[in-house]
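K.L.:
Attaching a predicted model along with its sequence, questions to come.
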Amino acid sequence: AQTVTQSQPEMSVQEAETVTLSCTYDTSESDYYLFWYKQPPSRQMILVIRQEAYKQQNATENRFSVNFQKAAKSFSLKISDSQLGDAAMYFCAYRNPNTGNQFYFGTGTSLTVIP
Amino acid sequence: GAGVSQSPRYKVAKRGQDVALRCDPISGHVSLFWYQQALGQGPEFLTYFQNEAQLDKSGLPSDRFFAERPEGSVSTLKIQRTQQEDSAVYLCASSLVFSYSADTQYFGPGTRLTVL
């Protein structure tokens, strides 16, 4: 079974600083996809960034980047130059096209941005 | 439409009542997913449609849960004889295609169901 673990229930960061959210996952597959989703208090989940497991290069989207360590099954999210609007719940998710259609989500990390 | 919409946004039901939750996906999106998100937890998969076909319902917790998408667009999640443990936020998501496995899922705002 696939599991996704986010070991940091809460994190905080000063505005304009950098923060890293951790995520580990368990799978025996070699081909899969990883995602970070953001869920603001309004509850609408928004895709932040995604990574294909076959790609060695870490994905980057503006201030958001990942550190994908396939052997260690680790997929951390780095937010640079943190902004007040980054405050939200962040969920790491895993998807394997060969074992079903579902996304497996972690339990989330609540990020607070301190002005 | 501009995004995935869900209605109602909030629903309070007495234990034993039936409820119906609606999802309007983005126009033209082939795939539609339902998730259940308990308080303080991540979303958990319930069921998946490709057009009108329900291809995976392995996440439905009991036979009290039923989902349909008869015309391949709007979907309804029905919960019969609601129980307190059904209290959660129910999220709907849609994506353009299925074959591209990294295809982005677009989520609706959710329906918060409270069973008293």
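P.N.:
Happy to help now that I have it.

K.L.:
how about the residue nearest the centre of chain A, what does it touch?
P.N.:
For chain A, A:Trp36 is the residue whose C-alpha lies nearest the centre (Cα atoms, centre = their mean; 3.3 Å). With contacts defined as Cβ atoms under 8 Å, 6 or more residues apart in numbering or on different chains, A:Trp36 is in contact with A:21, A:23, A:47-50, A:64, A:66, A:75, A:77, A:90-93. Quick note: C-beta positions are derived from backbone N, CA and C, even for glycine.

K.L.:
same deal with B:Asp103?
P.N.:
By Cβ under 8 Å, 6+ apart, the contact set of B:Asp103 is B:Ser31, B:Ser95, B:Leu96, B:Val97.

K.L.:
Can you get me a residue count around residue 11?
P.N.:
Using chain A. The burial metric for A:Met11, expressed as a neighbour count using other Cβ atoms under 10 Å in any protein chain shown, is 16.

K.L.:
Chain B is the one I meant
P.N.:
For B:Lys11, the count of nearby residues is 18 (other Cβ under 10 Å).

K.L.:
mind checking the end-to-end distance for stretch A:93-104?
P.N.:
5 Å (Cα to Cα, to the nearest Å).

K.L.:
what's that stretch in contact with?
P.N.:
By Cβ under 8 Å, 6+ apart, stretch A:93-104 touches A:2-4, A:25, A:27, A:29, A:31-37, A:105-106, B:31, B:33, B:35, B:42-43, B:45, B:48, B:55-56, B:58-59, B:98, B:101-102, B:105.

K.L.:
cool, and stretch A:63-71?
P.N.:
The set of residues that contact stretch A:63-71 without belonging to it, under Cβ under 8 Å, 6+ apart, is A:20, A:34, A:36, A:48-49, A:51, A:53, A:58-60, A:74-83.

K.L.:
now that stretch: how far from the chain's centre is it?
P.N.:
Mean C-alpha position of stretch A:63-71 versus that of the full chain (Cα atoms, centre = their mean, to the nearest Å) differs by 9 Å.

K.L.:
Please point out which parts of it sit buried.
P.N.:
Going by neighbour count (16 or more other Cβ atoms under 10 Å in any protein chain shown), the buried part of stretch A:63-71 is A:Phe64, A:Ser65, A:Val66, A:Phe68.

K.L.:
And for stretch B:37-49?
P.N.:
Along stretch B:37-49, the positions that meet the burial threshold by neighbour count (16+ other Cβ under 10 Å) are B:Gln37, B:Gly42, B:Pro43, B:Glu44, B:Phe45, B:Leu46, B:Thr47, B:Tyr48, B:Phe49.
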